[in-house]
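Trainee: here is the input, now give the coordinates:
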Amino acid sequence: MVFISDEISIPETEIRFEAIRAQGAGGQNVNKVSSAVHMRFDIHRSSLPGRVKEALSALSDRRISKDGVIIIKAQRFRSQDKNREDAVKRLLALILKSMAVPEKRKPTRPSRAAGKKRLDEKTRHSRIKSLRGRVAPEE
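Mentor: Residues are numbered from 1 along each chain as shown. The predicted model follows:
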C-alpha cells in the first residue's frame, strides 16, 4: 500500500513494474542485469477519488499518455529496488502536484513614488536620445 495522505492511498496491485536494461553507467553489469524500471499506473482504473483522477488527467505532463496511463522510467540507481522506490516517489510527487491548490493572485498597483520614478527615467532617457540627432553646423 502506497500512502499519499491520510485519506488517500494506492494498493500496490494497481501499479505495474517492468524490469528493463538501463542506459548509461554501470560497467559490464549494465549489459547483463535489468536494473531499470518502467512503472505504469492507470489513472482511470485506479481507486483514487474522482477529484484526484480529474486533476491528474488535467495535468499536461509528458509522462501521462492519452489513455490516462502514467509511465515513469526510473534508471537513476544501479539497483532495481532503489529504482522501484524512486519511481514510486516520482508518482507520489506527480499526484501531490495535481492535488495542490494554486494560491489566488492578489492584484496590486505600483506605488505613486514608483510611477513618478518611472516617468522621470523616461524623460531622462528621452533627453539623452534627443541629443543623438544631427548637429547643426555653426555659422
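
Trainee: what sits against residue 48?
Mentor: Contacts here follow Cβ atoms under 8 Å, 6 or more residues apart in numbering; on that basis residue 48 touches 8, 10, 56, 95. Quick note: C-beta positions are derived from backbone N, CA and C, even for glycine.

Trainee: quick one: the strands in the chain?
Mentor: 2-3, 9-10, 15-20, 36-42, 69-74 (DSSP state E).

Trainee: before we move on, back to that, list buried residues within the contacts of residue 48.
Mentor: Of the members of the contacts of residue 48, the ones counted as buried by neighbours, 16 or more other Cβ atoms under 10 Å, are 10, 56, 95.

Trainee: pLDDT and distance to residue 131 for those residues - can I get that in JSON lines?
Mentor: What follows is the buried ones among the contacts of residue 48, written out as JSON lines (pLDDT from 0 to 100; distance: Cβ to Cβ, whole Å):
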{"residue": "10", "pLDDT": "76", "distance to residue 131": "69"}
{"residue": "56", "pLDDT": "78", "distance to residue 131": "60"}
{"residue": "95", "pLDDT": "82", "distance to residue 131": "61"}
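
Trainee: okay, those residues in a markdown table with distance to residue 67 next?
Mentor: Formatted as a markdown table, the buried ones among the contacts of residue 48 follow (distance: Cβ to Cβ, whole Å):
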| residue | distance to residue 67 |
| --- | --- |
| 10 | 18 |
| 56 | 13 |
| 95 | 18 |
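
Trainee: and of the residues you listed, the nearest to residue 126?
Mentor: Nearest to residue 126 among those, counting by Cβ to Cβ, is residue 56 at 52.9 Å.

Trainee: how many neighbours does the closest residue to residue 64 other than its chain neighbours have?
Mentor: Of all residues not flanking residue 64 in the chain, residue 70 sits nearest, at 5.4 Å (Cβ to Cβ, 6 or more residues apart in numbering). With neighbours defined by other Cβ atoms under 10 Å, the count for residue 70 comes to 22.

Trainee: since that was my last question, I'll sign off now.
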